[in-house]
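# no FASTA, just this:
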């Protein structure tokens, strides 16, 4: 099937058919979706996984789900509280929004605080990214071009944003038994952030991972526990999925779970060497990017920020003042 023909007018996502009635919505570089999402026909009812950064992207996703499954979404599951996964949720009025109990609390607290900060900073950030995207420095130009749609989307959507809290919560596992398939939401604590969940289709062996998995791009580690994330990734790898849909990046396989584990271990080892030599956080941040990850996107700003984060964790664990 020609992937571009599934939803011809799509701007914010590229829709890929993974199985009959199951679709991955992969965010486009210039769009305002920013995260990947999922659409699942349960049989008479449609489940959407994550809603994108903006109401505009959410409207496209809702329309695509309705067109592809012939049913308006009945359920909207959010993987975690970060803005790029939840701010499209308000445009799914007929859907029951579902998240973990802690995710609901985090949207109500950290999510609202972040929205307040965006009101204060988005205009300046968008202007800065525009300047950087026109820079003669290739590194600055790449960074600005990548994050310009993110801040433009936030800025344009602020007047209509209304943070929505999950209507239904769960703590460990929630199973949907549809006439066409079974779908399972599985929760994990202290991985990418304080609370994440994944969506697993056991019959089709498809796993929507949210930000517990990044494929071919640098992850953001700063809100989670990298040691616990390694354990969670082991569990995801053991779920016998054939397709892994990451929160960011292209569709993956089990090898990409191992790639992310190797990334965490490699950067942790770098930070540990700096600490043992008596180095500083700045020394850790200036470490050369390993060749294995040189072609991964989001090197800026996440490689440096991840090195800083890992160094601080190790220093605090070792009782060192930083």
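Sure, I can see it. In this text the structure is predicted, and so the values were computed from the model without any measurement.
# Next, the buried residues of the helix or strand where residue 232 lies.
In this structure, residue 232 sits in helix 226-237 according to DSSP states H and E. Applying a neighbour-count criterion of 16 or more other Cβ atoms under 10 Å, one finds 226, 229, 232-233, 236-237 buried in helix 226-237. Yep, even glycine has a C-beta here, placed from its N, CA and C like the rest.
# Please apply the same query to stretch 97-111.
In stretch 97-111, counting by 16+ other Cβ under 10 Å, buried: 97-100, 102-107, 110-111.
# so which pair among those is furthest apart in space?
Maximum pairwise distance among the buried residues of stretch 97-111 (Cβ to Cβ): 18.9 Å, between 98 and 110.
# For the helix or strand hosting residue 147, which outside residues touch it?
Assigned by DSSP H and E, residue 147 belongs to helix 138-157. Contacts to helix 138-157, defined as Cβ atoms under 8 Å, 6 or more residues apart in numbering, come from residues 29-32, 34, 53-57, 83-84, 87, 118, 122-123, 125-126, 128-135, 297-298, 300-301.
# For it, give the mean pLDDT please.
Model confidence over helix 138-157 averages 93 on the pLDDT scale.
# After that helix, which helix or strand is next?
Defined by DSSP H and E, the subsequent element after helix 138-157 is strand 168-170.
# Run through the neighbouring helices and strands of the next helix or strand after that following strand.
Per DSSP H and E, the first helix or strand lying C-terminal to strand 168-170 is strand 173-177. Judged by 3 or more Cβ pairs under 8 Å, 6 or more residues apart in numbering; DSSP states H and E, strand 173-177 is in contact with strand 182-189.
# Show me the contact partners of the strand it packs on.
40, 42, 47, 77, 98, 100, 102, 170-176, 195-203, 212, 228, 232, 235.
# Can you tell me which of the residues you listed are buried?
Looks like the contacts of strand 182-189 have 40, 42, 47, 77, 98, 100, 102, 170, 174, 176, 195-201, 212, 232 buried, using 16+ other Cβ under 10 Å.
# out of these, which are inside strands?
Members of the buried ones among the contacts of strand 182-189 lying in strands (criterion: DSSP state E): 40, 47, 77, 98, 100, 170, 174, 176, 195-201, 212.
# Going by distance to residue 6, which of those wins?
The closest of those, once distances to residue 6 are taken by Cβ to Cβ, is residue 40, at 15.0 Å.
# Quick check: bridge partners of that closest one?
Per DSSP bridges, the residues bridged to residue 40 are residue 22, residue 47.
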